[in-house]
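[1] no sequence on this one, just coordinates:
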């Protein structure tokens with residue numbers, strides 16, 4: 001999409017990402033295909049960063065479509081408001097000063113208490129890319145509640161996870177000789193610290209990398225009233241091949 005190169009943020013906002021535009025385009029294509037986004041949709045991007053999905057969406061959403069994004073990083077939101085929003089007034093970006101042990105440790109508001117700043121039944125599509133991979137159970141459960149609240153009846157959500165099931169655990173064990181904790185990337189991590197609902201690489205800062213047991217995640221969707229749209233698209237992070245994404249992709253719908 002032509003908008004992507006124009007909205008590539010400076011390297012200091014993503015010091016470890018050398019192929020930002022390519023990753024943005026690939027993620028957009030995945031969202032468009034799996035979530036069946038249309039040009040007239042109203043889209044919410046939770047944990048939007050520096051507008052990775054917003055860039056490609058500027059060239060896709062039509063005059064009846066719109067985009068909202070929020071993130072805990074003021075620097076990244078400021079960049080979006082300075083570089084994207086002025087050219088696309090139907091794209092809005094908001095700082096969410098929410099606590100994260102990894103990304104925003106000085107914030108006072110817990111994610112389990114944060115109310116999305118939008119009305120009920122407002123969005124056709126809600127997207128979360130690599131957000132729940134850095135959040136703890138109470139926070140995840142609350143965000144799922146909020147997603148269900150702001151989605152229109154029939155609205156869709158696409159969320160990426162690290163999901164632990166028999167196959168993922170078998171693959172992790174098979175690679176135990178090369179995976180070590182702590183790690184900043186699930187590809188390198190054994191996730192050896194078990195807290196019941198989830199495993200992590202670093203018990204002192206568990207948000208570093210969080211992998212959830214799949215039954216817990218499914219129950220969390222069910223409690224919220226969101227209906228998982230099968231199949232789950234398991235990702236490459238645990239060592240699978242022929243996947244559509246690095247992380248596990250779960251599509252769900254608000255019934256109605």
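    All right, it came through fine. Computed from a predicted model, the values in this text were never measured in an experiment.

[2] strands paired with the strand or helix carrying residue 127, and their directions?
    Element membership of residue 127 [criterion: DSSP states H and E] is strand 123-128. Neighbouring strands of strand 123-128 in its sheet, by DSSP bridges, are strand 42-46 (parallel), strand 151-161 (parallel).

[3] got a list of contacts for that strand?
    Applying C-beta atoms under 8 Å, 6 or more residues apart in numbering, the external contacts of strand 123-128 come out as 31, 35, 37-38, 41-47, 53, 68, 143, 147, 150-152, 155-160. (Each C-beta comes from the backbone N, C-alpha and C, glycine too.)

[4] where exactly do the helices run in the stretch 1-150 of the chain?
    Using DSSP state H, counting those that start in this stretch, the helices of the stretch 1-150 of the chain run over 3-6, 20-35, 54-58, 74-83, 137-150.

[5] Pick the most buried one from those helices.
    Among the helices of the stretch 1-150 of the chain, the stretch with the highest mean neighbour count (mean count of other C-beta atoms under 10 Å) is helix 54-58, at a mean of 26.

[6] quick revisit: now the strand holding residue 127: average pLDDT?
    Mean per-residue pLDDT for strand 123-128: 98.

[7] Stretch 169-189 too?
    On average, stretch 169-189 scores 94.

[8] start to end distance for that stretch?
    End-to-end span of stretch 169-189 (C-alpha to C-alpha, to the nearest Å): 12 Å.

[9] returning to what we had before: format the helices of the stretch 1-150 of the chain as JSON lines; extra columns: mean pLDDT and distance to residue 187.
    JSON lines is the format used below for these (pLDDT from 0 to 100; distance: least, C-beta to C-beta, whole Å):
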{"stretch": "helix 3-6", "mean pLDDT": "45", "distance to residue 187": "25"}
{"stretch": "helix 20-35", "mean pLDDT": "92", "distance to residue 187": "15"}
{"stretch": "helix 54-58", "mean pLDDT": "96", "distance to residue 187": "25"}
{"stretch": "helix 74-83", "mean pLDDT": "95", "distance to residue 187": "24"}
{"stretch": "helix 137-150", "mean pLDDT": "98", "distance to residue 187": "22"}
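
[10] what would the ones you listed look like in CSV with distance to residue 226?
    Output for these, formatted as CSV (distance: least, C-beta to C-beta, whole Å):
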stretch, distance to residue 226
helix 3-6, 30
helix 20-35, 14
helix 54-58, 22
helix 74-83, 27
helix 137-150, 6
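
[11] Verify the stated contact: residue 51 with residue 69.
    Yes. At 6.7 Å, residue 51 counts as touching residue 69 under the criterion of C-beta atoms under 8 Å.

[12] any shared contact partners between the two?
    With C-beta under 8 Å, 6+ apart as the test, residue 51 and residue 69 both reach 80, 93.

[13] which residue ranges form the strands in the protein?
    Listed in chain order, the strands of the chain (DSSP state E) span 42-46, 66-71, 91-95, 123-128, 151-161, 163-164, 193-194, 198-200, 210-213, 227-233, 248-253.

[14] could I get those as a markdown table with mean neighbour count?
    Converted to a markdown table, these look like this (neighbours: other C-beta atoms under 10 Å):
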| stretch | mean neighbour count |
| --- | --- |
| strand 42-46 | 23 |
| strand 66-71 | 24 |
| strand 91-95 | 19 |
| strand 123-128 | 25 |
| strand 151-161 | 21 |
| strand 163-164 | 24 |
| strand 193-194 | 14 |
| strand 198-200 | 23 |
| strand 210-213 | 23 |
| strand 227-233 | 13 |
| strand 248-253 | 22 |
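
[15] Make JSON lines from those and add distance to residue 79 to it.
    Converted to JSON lines, the strands of the chain look like this (distance: least, C-beta to C-beta, whole Å):
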{"stretch": "strand 42-46", "distance to residue 79": "15"}
{"stretch": "strand 66-71", "distance to residue 79": "10"}
{"stretch": "strand 91-95", "distance to residue 79": "9"}
{"stretch": "strand 123-128", "distance to residue 79": "19"}
{"stretch": "strand 151-161", "distance to residue 79": "23"}
{"stretch": "strand 163-164", "distance to residue 79": "32"}
{"stretch": "strand 193-194", "distance to residue 79": "34"}
{"stretch": "strand 198-200", "distance to residue 79": "30"}
{"stretch": "strand 210-213", "distance to residue 79": "26"}
{"stretch": "strand 227-233", "distance to residue 79": "30"}
{"stretch": "strand 248-253", "distance to residue 79": "27"}
